[in-house]
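Predicted structure and sequence below. I'll ask about it afterward.
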Amino acid sequence: LLPIVALWTLLPDSIAISSHYFTEYISTILFKLPFSRSLETEADTVGLEMVARACYDPRQASVFWRKMERLAEDEQIEWLSTHPSHKTRYETLDGLMPKAFSILTRYCSRSDPGPHAPRLGIAVV
């Protein structure tokens, strides 16, 4: 708060206003957006674990984000977004599949969700 007060006191109004908005924009990019993306990644991780504990096929989470990537009209710059890109999400989920299958094995009567490989159905949207 003190730097903002000093900025407004020492500089003319137009420079102070533009400087204030510029620093707010930079702080958003550097501090708020990465934190938000990490929360989204954590939510994806917890969601995948919940899917496995509920005895559903955890591979479908990765399929969902691959379909979302195909349906996206334009690709956003990830570091300017509050959410990870679809590609980052499905790559993260693919990396968590061994853990999801160990949870599935532990909590469900059948450890194999079946021979169906859901990633083969991605082309059909």
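Cool, got the structure. Numbers count the residues shown, from 1 in each chain.

CA atoms for contacts and neighbours, from now on please.
Will do.

Can you report phi and psi for the spatially most central residue of the chain?
Nearest to the geometric centre of the chain sits Pro84, at 3.5 Å (C-alpha atoms, centre = their mean). Backbone torsions for Pro84, taken as degrees, to the nearest 10, come to phi -70, psi 160.

same deal with Tyr56?
phi -100, psi 160.

Same check on Leu96?
Per-residue torsions, Leu96: phi -90, psi 0 (degrees, to the nearest 10).

hang on, Pro34 packs against Thr82?
Yes. Between Pro34 and Thr82 there is a contact under C-alpha atoms under 8 Å: 7.4 Å.

mind checking how far Arg37 is from Ser27?
Plainly put, Arg37 is 15 Å away from Ser27 if you go by C-alpha to C-alpha, to the nearest Å.

Looking at the two, which is more packed in?
Arg37 (18 against 12; other C-alpha atoms under 10 Å).

how far away is the residue nearest to the more buried one when sequence neighbours are not counted from Met68?
Leaving aside its chain neighbours, Arg37 sits nearest to His83 (4.9 Å; criterion: C-alpha to C-alpha, 6 or more residues apart in numbering). Distance of His83 to Met68, given as C-alpha to C-alpha: 13 Å.

more neighbours, those two?
Of the pair His83 and Met68, His83 is the one with more neighbours under other C-alpha under 10 Å, namely 20 against 16.

Report the residue spans of this structure with pLDDT below the cut-off.
Low-confidence segments of the chain, defined by pLDDT under 70: 1, 7-8, 11, 110-125.

follow-up on the earlier one: surely the residue nearest to the centre of the chain touches Glu78?
Yes. Under the criterion of C-alpha under 8 Å, Pro84 makes contact with Glu78 at 6.1 Å.

which residues does the residue nearest to Arg37 contact?
Ser36, Arg37, Glu40 (C-alpha atoms under 8 Å, 6 or more residues apart in numbering).

What about the residues you listed, which are in helices?
Among these, the members found in helices (DSSP state H) are Ser36, Arg37, Glu40.

excluding its backbone neighbours, what's nearest the first one?
It stands for Ser36. Distance criterion C-alpha to C-alpha, 6+ apart; nearest residue to Ser36, sequence neighbours excluded, is Thr82 at 5.5 Å.
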